[in-house]
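In: when you get a sec, could you give me coordinates for this:
(chains A and B)
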Amino acid sequence: MLEVKKLRKEYGGLTAVNGVSFELQPGDIFGFIGSNGAGKTTTIRMISTLLEPTSGTAILNGHDVRKDPMAIRRSIGYMPDFFGLYDDVKVWEYLDFFAALYEVPPRDRPGVIDNVLELTDLTVKRDAFVQSLSRGMQQRLCLARCLVHDPALLLLDEPASGLDPRARSELKELIVELGRMGKIVIVSSHILPELADFCNTVGIIERGEMLAFGGVNEIVRSMQPVRAFKASLIRDGEGAIPTLTRIPGVLKVESNESDLRIEFEGSKEQQAEIAKALVEGGFGLLGLREEETNLEDVFLKLTTGAVN
Amino acid sequence: MMQHYRRLIKENPMKIEISRFQRRFFSASATLANRAMVLLVVTSFVGLCLIVLTFGAAINPTAIIFTQTMLFCAFGPMMLHGAVAGERERRSWELLLVAPVTKGQIVVGKFLGAMALLVAGAVAMLAPLVLSTFYQKQIDVSSLLIKELVSISFCMLVCSWTIFISSRVNRPLMALGVILGTEFVLLAVVPALVSTMVGSDRISQIFILYLNPFDVLSKGTNLFSGESIDSFYGVTQLCIYLVFTVLFLIYAEKTLHFADNDVKFLPKPKEDAGS
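Out: Purely as a prediction, here's the structure:
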């Protein structure tokens, strides 16, 4: 389990991270969302022991980042937003080097390397030079490096940046698989729709403060207390407003030429009344659909884009 | 002490650097520059052996140690200038910092990696050295041994100086320039200036050139006979070189500690529109 408790980082007079707290369980895939300079990378770097927190701490499976950084390092796999690869070595040599650094016994290393290569679908590139790999493959190699010591927590900082759609999709599948294996995965990204696809928990950070934390649906629901429907009509929608506002549960109706936006808080039966009223009133109903709030909308609503 | 030995040397996972260095210079994946360096050393080695075999007694064994020292002075920095700066440049440094190794282990691991190759070089250079002693009628083995140790310890100093500089700069080539520059100034420019300015004032020369290994090698040292002023040469320099080696490694490690929390891109405070 990962517990982040009131993590704070100051650089002189600048507060980069201000009391960030959250808790993650094994198998959780946590999407860490924020604009550039919001404090995502600083938080990740504090959890990975690269930066010492000014105050607060993070505890992974009972090990405190401040008191026992070595134990934390043995339990995490950190993938920064750059590759940091050695060009002049082969894929297996690169993994062998890091396996040695993470104290994997020499006799176990070939098996471990084969396993992580298989998991990241790089087995055929075992003897290829790192510099000959495509960007997507290099990204997967970085992930393979993070996995050689079977860490409990994976910290992936912008893992999908610069990848083409296919490589992004493959990476997404891989992250889901890692979550299934019981690892805690923290992914920071700007590509919000993708995060919503595979993260079961998200956190939105701005100016070093966590604005929202929880399940994707939970956050979306909290940002959208009432449901909204969009109705497309043949005729002008203005005339339908009095009819609709009489239906129980309808809170507000806005018209934009032949389109209507209906805010509604009621039962399914009352919801059905909306369609019925529009059809029977002869307004020429073309379609009625519920307006969906996605993660991107939530992010835009919550944040202002300001940085410290 | 034993704990430090165990942590930094015996159980240091960064000893993997030894095989990395071997791979970098001797494997099929070695770069062109590294191959050229190996070729230079091999050519020097073969050339020295041939020269000794051709000229026999005319070749002083000290000249071989002299050559070895020169090669080490060039080879050490070329191997290690990217030890830390190179990791920073390719941005692999953070990957080492999040591994379960201390900064001390990283520094010592890099140093041991280079040492393994240089010791192998020194062992290889024993061949022409032994050959040349074979031709000599009288040979002072203890003096020769001290000179060999002075040569190796000076090389260790150069390597630790290289790591120290490499840990303080961001570009490997900048590190190489600084190291070769200081070597050139200390080993060539200063002795040349001293010899022209101080002239025959032997005491002044000793003070200024005392730490120059080539000056040490040029003395007819007999450590155990204790004759004349030359008895100051040898073990003393060896000890000084080793002390400075350790100091530079310690300072390199300290440098890495404060580099930990540096912020490269702190935003500048915005000025008021009216100001």
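In: distance from stretch A:84-103 to the middle of the chain?
Out: Relative to the mean C-alpha coordinate of its chain, stretch A:84-103 is positioned 28 Å out (C-alpha atoms, centre = their mean, to the nearest Å).
In: distance between the ends of it?
Out: Start-to-end span of stretch A:84-103 (C-alpha to C-alpha, to the nearest Å) is 20 Å.
In: is it anywhere near chain B?
Out: Yes. Contact of stretch A:84-103 with chain B (C-beta under 8 Å from any C-beta of the partner chain) involves A:84-90, A:93, A:97-98, A:100-103. (Glycine included, C-beta is placed from N, CA and C.)
In: for that stretch, list every residue counted as buried.
Out: Within stretch A:84-103, the residues scored as buried using 16 or more other C-beta atoms under 10 Å in any protein chain shown are A:84-86, A:88-102.
In: for the lengthiest helix in chain A, packing partners?
Out: Counting by DSSP state H, the longest helix found in chain A is helix A:165-180. Using 3 or more C-beta pairs under 8 Å, 6 or more residues apart in numbering or on different chains; DSSP states H and E as the contact test, the elements touching helix A:165-180 are strand A:29-33, helix A:135-147, strand A:184-188, helix A:192-198.
In: make JSON lines out of those and add distance to chain B, mean neighbour count and mean pLDDT.
Out: Output for the helices and strands packed on helix A:165-180, formatted as JSON lines (distance: least, C-beta to the nearest C-beta, whole Å; neighbours: other C-beta atoms under 10 Å in any protein chain shown; pLDDT from 0 to 100):
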{"stretch": "strand A:29-33", "distance to chain B": "17", "mean neighbour count": "25", "mean pLDDT": "91"}
{"stretch": "helix A:135-147", "distance to chain B": "7", "mean neighbour count": "22", "mean pLDDT": "89"}
{"stretch": "strand A:184-188", "distance to chain B": "14", "mean neighbour count": "26", "mean pLDDT": "93"}
{"stretch": "helix A:192-198", "distance to chain B": "23", "mean neighbour count": "18", "mean pLDDT": "77"}
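In: which one of these lies closest to residue B:77?
Out: Evaluated over those, closeness to residue B:77 peaks at helix A:135-147, with 29.4 Å, by C-beta to C-beta.
In: paired strands for the next helix or strand after the closest one, with orientation please.
Out: Next helix or strand after helix A:135-147 toward the C-terminus (DSSP states H and E): strand A:153-157. Take DSSP bridges as the rule and strand A:153-157 pairs in its sheet with strand A:76-79 (parallel), strand A:184-188 (parallel).
In: for chain B, what's its nearest residue on the stretch 101-250 of chain A.
Out: residue A:101 (4.3 Å; C-beta to the nearest C-beta).
In: quick one, what contacts that residue?
Out: Contact analysis of residue A:101 by C-beta atoms under 8 Å, 6 or more residues apart in numbering or on different chains lists B:13, B:14, B:16, B:96, B:99, B:100, B:101.
In: how many other residues sit next to residue B:119?
Out: 14 (other C-beta atoms under 10 Å in any protein chain shown).
In: can you check residue A:57 too?
Out: Other residues within reach of residue A:57 by the criterion other C-beta under 10 Å amount to 17.
In: now the strands for chain A?
Out: Secondary structure of chain A (DSSP state E): strands at A:2-11, A:14-24, A:29-33, A:55-60, A:63-64, A:76-79, A:153-157, A:184-188, A:201-206, A:209-215, A:227-233, A:250-256, A:259-264, A:285-290.
In: which one of the ones you listed lies nearest to residue A:130?
Out: Smallest distance to residue A:130 across the strands of chain A (C-beta to C-beta): 15.1 Å, for strand A:76-79.
In: how far does the closest one sit from the chain's center?
Out: 16 Å.
In: repeat for stretch A:63-75
Out: 24 Å.
In: show me which positions of it end up buried.
Out: Across stretch A:63-75, burial judged by 16+ other C-beta under 10 Å covers A:63, A:65, A:68, A:69, A:71, A:72, A:73, A:74, A:75.
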